[in-house]
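1. this one's sequence-less:
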């Protein structure tokens, strides 16, 4: 094992303007990256080039040369998941110490002897692979980050003994904020303020800087749904803002939230005008839930589930099932497949099919935040069968375009 240095990346300690930028970076995604290697030298051009490549996959990169300092940093992580790149020389020593930490989502071993390290790495489920080159690490890291964002959908659970007026505050705040934002007349200045905000937060990230420039030049030439489904910073930023009720980001993104809601609303009117009760269909969403969230959901069996964000689903079961299956690889998570039966004739929440409208390759349906009643099974991947439920709808929630769901037998 190489001798570890006692230094760490000073960017992990906010100071002055750099500190404010660091705080902004931490708010952009629900995932961060930790690179642990005793040979990291940030004054070296090759090292800087590697960090630049890594930031194209995950914006928040934290470098460490000392294992103990790295462990202390992991312990401070709250409401985020960490992906780790660990050198082969430190891997066998540090992986047993971090593998059971709930903050750690996935691990990538970066080494010079792939065959040797693959032998011991196979015993640790969170290790996604052993690599000798940074390019395939970035590709695998991008997939892991996408899965983390999929699993970070803000959700609330309400037991059967609670009234709708006792819903989780995060859900109620989301609905109130949406109503307020829809009354505001945003203009080009608000868009430019958001662009400037992003330029500051993503300074040094060449990929996202290019995306920011594209957004600034072409925002009005493409649809809000296109931007939401595009592989860029918008989706994870909005997802995290609504998950943590971050007023600063929500305010900056207010124009986009309003535009996206109105487009879904318009598409819903166009696609479902004159529908009847016989036009019921089923959509799916697969994701991972932390064991803590799963236990909370299990305790509210027969209660309500709310998704406090715009929700992407698919009409193809196997696509959503693959997300749930991928989640089961992580011992800290349970795979869940939400199966939602939709009746457009009774819907009060706008939703729309976005094939041909979204970013190429995205063919799902998208809806606003919704509430559903849940049920459970004992399988490793848990199917939750959901359908509209109206009896308990209060006038307040009707005004907020909320749908309730009751369970049904498959």
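-> Okay, I see it. Model, not experiment: these values are computed from the prediction.
2. Could you pull out the helices in the stretch 251-400 of the chain for me?
-> 254-272, 291-299, 317-327, 395-399 (DSSP state H, counting those that start in this stretch).
3. can you redo the ones you listed as CSV with distance to residue 41 and mean neighbour count?
-> C-beta: built from backbone N, CA, C; applies to glycine. Formatted as CSV, the helices of the stretch 251-400 of the chain follow (distance: least, CB to CB, whole Å; neighbours: other CB atoms under 10 Å):
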stretch, distance to residue 41, mean neighbour count
helix 254-272, 40, 18
helix 291-299, 39, 14
helix 317-327, 35, 18
helix 395-399, 57, 13
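4. Where does the residue at minimal distance from the centre of the chain sit: helix, strand or coil?
-> Centroid-nearest residue in the chain: residue 149, 2.0 Å away (criterion: CA atoms, centre = their mean). Classification of residue 149 by DSSP: H, G, I helix; E, B strand; the rest coil places it in helix.
5. Might one say that it is in contact with residue 31?
-> Yes. Between residue 149 and residue 31 there is a contact at 6.9 Å, judged by CB atoms under 8 Å.
6. any common contacting residues for those two?
-> Common neighbours of residue 149 and residue 31, counting by CB atoms under 8 Å, 6 or more residues apart in numbering, are residue 236.
7. what about the helices of the stretch 251-400 of the chain, which gets the closest to residue 58?
-> Closest of these to residue 58 is helix 317-327, at 17.4 Å (criterion: CB to CB).
8. Which neighbouring elements make contact with that closest one?
-> When contacts are defined as 3 or more CB pairs under 8 Å, 6 or more residues apart in numbering; DSSP states H and E, helix 317-327 packs onto helix 134-151, strand 281-290, strand 333-342, strand 381-389.
9. on that earlier part again, tell me which residues touch the residue nearest to the centre of the chain, please.
-> Neighbour list for residue 149: 29, 30, 31, 235, 236, 239 [criterion: CB under 8 Å, 6+ apart].
10. Format the helices of the stretch 251-400 of the chain as TSV; extra columns: distance to residue 203 and mean pLDDT.
-> Formatted as TSV, the helices of the stretch 251-400 of the chain follow (distance: least, CB to CB, whole Å; pLDDT from 0 to 100):
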stretch	distance to residue 203	mean pLDDT
helix 254-272	21	92
helix 291-299	34	83
helix 317-327	32	89
helix 395-399	42	38
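11. got CSV for those, with distance to residue 155 too?
-> Formatted as CSV, the helices of the stretch 251-400 of the chain follow (distance: least, CB to CB, whole Å):
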stretch, distance to residue 155
helix 254-272, 18
helix 291-299, 7
helix 317-327, 14
helix 395-399, 17
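12. Quick one: closest of those to residue 306.
-> Judging these by CB to CB, what sits closest to residue 306 is helix 395-399, at 10.3 Å.
13. Thanks a lot, see you next time.
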